[in-house]
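> Fold the following, please.
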Amino acid sequence: NIVQPTDIEENRTMLFTIGQSEVYLISPDTKKIALEKNFKEISFCSQGIRHVDHFGFICRESSGGGGFHFVCYVFQCTNEALVDEIMMTLKQAFTVAAVQQTAKAPAQLCEGCPLQSLHKLCERIEGMNSSKTKLELQKHLTTLTNQEQATIFEEVQKLRPRNEQRENELIISFLRCLYEEKQKEHIHIGEMKQTSQMAAENIGSELPPSATRFRLDMLKNKAKRSLTESLESILSRGNKARGLQEHSISVDLDSSLSSTLSNTSKEPSVCEKEALPISESSFKLLGSSEDLSSDSESHLPEEPAPLSPQQAFRRRANTLSHFPIECQEPPQPARGSPGVSQRKLMRYHSVSTETPHERKDFESKANHLGDSGGTPVKTRRHSWRQQIFLRVATPQKACDSSSRYEDYSELGELPPRSPLEPVCEDGPFGPPPEEKKRTSRELRELWQKAILQQILLLRMEKENQKLQASENDLLNKRLKLDYEEITPCLKEVTTVWEKMLSTPGRSKIKFDMEKMHSAVGQGVPRHHRGEIWKFLAEQFHLKHQFPSKQQPKDVPYKELLKQLTSQQHAILIDLGRTFPTHPYFSAQLGAGQLSLYNILKAYSLLDQEVGYCQGLSFVAGILLLHMSEEEAFKMLKFLMFDMGLRKQYRPDMIILQIQMYQLSRLLHDYHRDLYNHLEEHEIGPSLYAAPWFLTMFASQFPLGFVARVFDMIFLQGTEVIFKVALSLLGSHKPLILQHENLETIVDFIKSTLPNLGLVQMEKTINQVFEMDIAKQLQAYEVEYHVLQEELIDSSPLSDNQRMDKLEKTNSSLRKQNLDLLEQLQVANGRIQSLEATIEKLLSSESKLKQAMLTLELERSALLQTVEELRRRSAEPSDREPECTQPEPTGD
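Numbering: from 1, shown residues only. Just a heads-up that it's a prediction; the model follows:
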């Protein structure tokens with residue numbers, strides 16, 4: 001009810017991609033994936049009922065509180081036909097994905113699979129809040145071995161999570177890594193039985209009875225040796241842990257520790273217990289119910305009934321002071337206050353690395369504390385984990401622990417603690433002293449400091465974003481220019497280019513063509529290549545001030561991006577084929593491919609006659625590697641319209657056929673033996689040279705070589721393509737003549753020829769600068785049309801066929817006539833401009849002549865004045881000496 005149809009002009013144009021098992025909504029403007037949904041997340045999909053140009057689908061999404069909710073995404077298309085196509089494609093994709101899913105062999109799992117246990121854990125904690133999830137994870141951690149618990153404890157403690165949710169995420173991630181490693185070595189239960197049966201059959205069939213018995217003895221000795229080594233390692237770790245524990249006990253517990261040590265010294269130590277012969281001791285395998293029951297019977301004769309297997313083994317939780325270590329003492333009841341029913345604190349059997357503690361330990365502690373205080377101390381109810389923690393950890397700050405676990409009262413004992421959670425219980429000596437309350441002035445100062453820190457953090461974040469953006473730009477530029485340069489540009493040449501590029505008002509100044517030819521021939525610096533191409537385009541416009549008649553509409557690039565094109569399917573198919581090995585274009589629908597999609601889409605909307613043609617993606621890709629997206633689009637327009645490149649991409653491809661004929665004629669005139677060899681095997685230029693013209697050699701040749709070709713195209717025009725093709729074929733003529741069949745010749749030209757060395761590439765470029773074939777190309781084009789007319793006249797065809805051919809020829813001639821008229825108009829415009837220039841020059845010449853006449857008259861007058869002054873100065877003076885003042889004269 002909320003969704004209403006909107007104006008299509010205000011909507012953003014997005015790219016909706018349907019994959020094998022997911023759908024993507026990609027924004028070509030931001031180069032990011034706006035929406036990504038797996039088929040499993042989509043619960044419903046439908047076309048609009050009231051507004052048939054809309055479609056949408058409903059997805060299940062997880063919410064922040066651990067639950068989930070449903071979201072409906074609605075899209076508007078240009079018309080109903082597009083919606084029908086999308087719905088049909090979605091239906092087909094869903095069907096194929098369902099068939100593939102059912103066809104897959106089910107994953108082999110058993111109850112003992114590590115990943116299966118992780119899956120069950122994830123199912124248990126799904127939907128829980130962070131506190132309950134942490135409890136469940138801690139319970140699950142107790143099922144791991146000591147080493148695994150210690151590893152997870154260390155990794156979580158290193159990262160210092162901020163809250164419980166982050167801690168839970170870290171534990172799950174470490175558990176996943178651990179279980180994935182276990183799964184690689186895991187043998188399923190069914191496979192284990194089959195393997196053991198096959199091994200037994202093989203051994204029974206291949207080995208005699210004596211060999212089988214010898215094999216069994218070897219396995220027994222190996223098992224004994226491994227068990228002995230494991231016990232020795234446990235003893236060594238126990239000594240280390242015991243030494244660390246004795247050093248970590250605080251001074252306040254000295255008296256209780258002495259009583260504890262005096263009581264424990266009466267019993268045999270762990271080393272003495274574990275030094276008993278293996279055959280006589282009760283140790284078999286850790287965690288087995290038989291061992292635990294026998295052990296409990298031998299150590300606890302006063303217990304009326306043996307412990308159940310579930311009670312007989314329980315691992316300890318992690319604490320702050322030491323890693324989880326199994327202890328080896330029978331369970332002891334905790335002393336509690338009389339009249340209060342308490343659950344017994346059980347300490348379960350496991351191999352111990354600590355000094356054993358009995359009930360006397362707690363009695364001695366309680367008596368000692370009671371005597372020192374003068375009044376009996378009421379013992380608090382603690383779990384066995386808390387009892388161990390209070391022995392080794394220093395008291396922490398007090399906090400409200402009553403409300404902390406009020407939700408878990410139904411669990412019985414207190415839950416296991418997190419490795420990184422501080423203990424909030426009061427210590428055995430009462431609550432610690434409270435901190436001094438801060439004054440309002442101190443709080444105000446702290447508040448001001450916090451605000452200043454926040455402002456500094458915001459500034460630092462902005463600076464980091466700017467640095468990150470600049471780094472991304474540099475990385476993209478480095479990624480784009482990741483190709484080997486053919487002609488290394490010297491510093492002197494780079495300086496020349498930089499001077500020309502930095503000339504003020506360069507777009508209105510004509511530079512010397514010989515100077516530019518020399519600079520391009522000596523090399524173009526790679527990091528300035530895009531700017532140099534724009535500079536050469538400006539010089540072309542200054543040289544040809546009257547543009548061609550077929551100029552595109554002046555539509556802004558951003559306006560074109562908002563529109564939709566009918567060519568987008570063909571464009572999307574060719575995106576993955578354009579420079580698939582280049583890092584900038586290799587990512588599927590990455591930044592490079594989306595920028596290329598935008599350029600080709602905008603050009604297909606700008607030039608409706610050409611639209612999109614295969615090969616344009618390579619031309620646009622080369623431009624995009626050296627400049628920004630919008631600048632590359634402008635340069636593509638320049639090449640297509642001003643350079644006349646768009647003629648070969650027209651749907652009829654007539655200009656491409658003319659180019660193939662021109663190349664054959666060039667081979668005939670310059671390399672007759674190579675031409676005869678190719679004609680002998682019926683190899684026309686369309687078999688190997690069509691990609692050269694349509695992609696400017698970019699689809700097959702190295703990028704460094706292609707960049708040099710583009711340098712010359714911007715300088716000399718499209719006839720450079722003929723020069724490069726002729727030079728390549730001529731320089732490899734001896735190798736081509738060695739091949740004697742069509743397949744090997746075409747394979748050599750397509751595969752071996754593009755992989756030429758740097759020296760050969762540079763030689764080809766130098767030959768291109770020396771060649772001049774403009775007149776020949778014009779003559780060959782006229783020759784092609786004459787031959788075409790003769791062929792039509794002499795061919796024995798039916799009337800209908802002749803009519804069709806004549807119509808086609810007529811249409812082509814009309815196009816050529818239009819082109820010639822366009823050229824004639826350009827020539828007339830040039831003539832008119834030249835005539836206007838001549839008139840201006842003539843008028844300026846007459847003005848200059850008049851100025852010269854006036855200057856000559858003035859000069860003659862001045863000469864006469866000078867002569868008269870000289871004559872007067874030479875005459876003798878007849879006046880008195882007193883009369884020193886001369887009379888003023890008119891001179």
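
> Only C-alpha atoms from now on, for both contacts and neighbour counts.
Will do.

> Excluding covalently adjacent residues, which one is nearest to residue 28?
Counting by C-alpha to C-alpha, 6 or more residues apart in numbering, the nearest residue to residue 28 once its immediate chain neighbours are dropped is residue 594, at 5.5 Å.

> ok, now how distant is the one you found from residue 152?
When distance is defined by C-alpha to C-alpha, to the nearest Å, residue 594 is 43 Å away from residue 152.

> With neighbour numbers in mind, choose between the two.
Counting neighbours by other C-alpha atoms under 10 Å for residue 594 and for residue 152 shows that residue 594 has the greater number, 24 against 20.

> Residue 828 sits in which helix or strand?
Following DSSP states H and E, one finds residue 828 within helix 799-874.

> Distance of residue 690 relative to residue 668?
With C-alpha to C-alpha as the criterion, residue 690 and residue 668 are 18 Å apart.

> out of these two, which sits in the more crowded spot?
In this view residue 690 and residue 668 are compared by other C-alpha under 10 Å, and residue 690 has more residues nearby, 17 against 14.

> residues touching the more buried one, list them.
656, 660 (C-alpha atoms under 8 Å, 6 or more residues apart in numbering).

> What residue spans form the domains of this protein?
As given by the TED database, the domain ranges for the chain are 15-100, 123-183, 488-545, 551-651, 652-699+715-798.

> can those go into CSV with extra columns for distance to residue 437?
Putting the domains of the chain into CSV (distance: least, C-alpha to C-alpha, whole Å) gives the following:
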stretch, distance to residue 437
domain 15-100, 35
domain 123-183, 25
domain 488-545, 64
domain 551-651, 56
domain 652-699+715-798, 75
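
> Name the stretch among those domains that sits most buried.
When those are scored by mean count of other C-alpha atoms under 10 Å, the highest mean neighbour count falls to domain 551-651 (a mean of 18).

> average model confidence for the helix holding residue 828?
Confidence over helix 799-874 (mean pLDDT, whole number) is 87.

> quick one, what contacts residue 761?
Here residue 761 is in contact with 486, 705 (criterion: C-alpha under 8 Å, 6+ apart).

> what's downstream of whatever helix or strand residue 541 lives in, the next helix or strand?
Here residue 541, judged by DSSP H and E, is contained in helix 529-543. Remark: after helix 529-543, the chain's next helix or strand is helix 557-561, criterion DSSP H and E.

> Could you list the alpha-carbon positions for that following helix in PDB?
Listed next in PDB are the C-alpha coordinates belonging to helix 557-561 (Å, rounded to 0.1, in the frame of the first residue of the first chain):
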ATOM      1  CA  TYR A 557      27.700  12.700 -20.500                       C
ATOM      2  CA  LYS A 558      25.800  12.500 -17.100                       C
ATOM      3  CA  GLU A 559      22.500  12.900 -19.000                       C
ATOM      4  CA  LEU A 560      23.300  10.000 -21.200                       C
ATOM      5  CA  LEU A 561      24.100   7.800 -18.200                       C
END
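
> Show me what secondary structure element comes after it.
Proceeding C-terminally, helix 557-561 gives way to helix 568-575 as the next helix or strand, assigned by DSSP H and E.

> re the thing from before, show me what the mean pLDDT comes to for the helix or strand containing the residue nearest to residue 28.
Take DSSP H and E as the rule and residue 594 turns out to sit in helix 591-606. Taken as a whole, helix 591-606 has an average pLDDT of 94.
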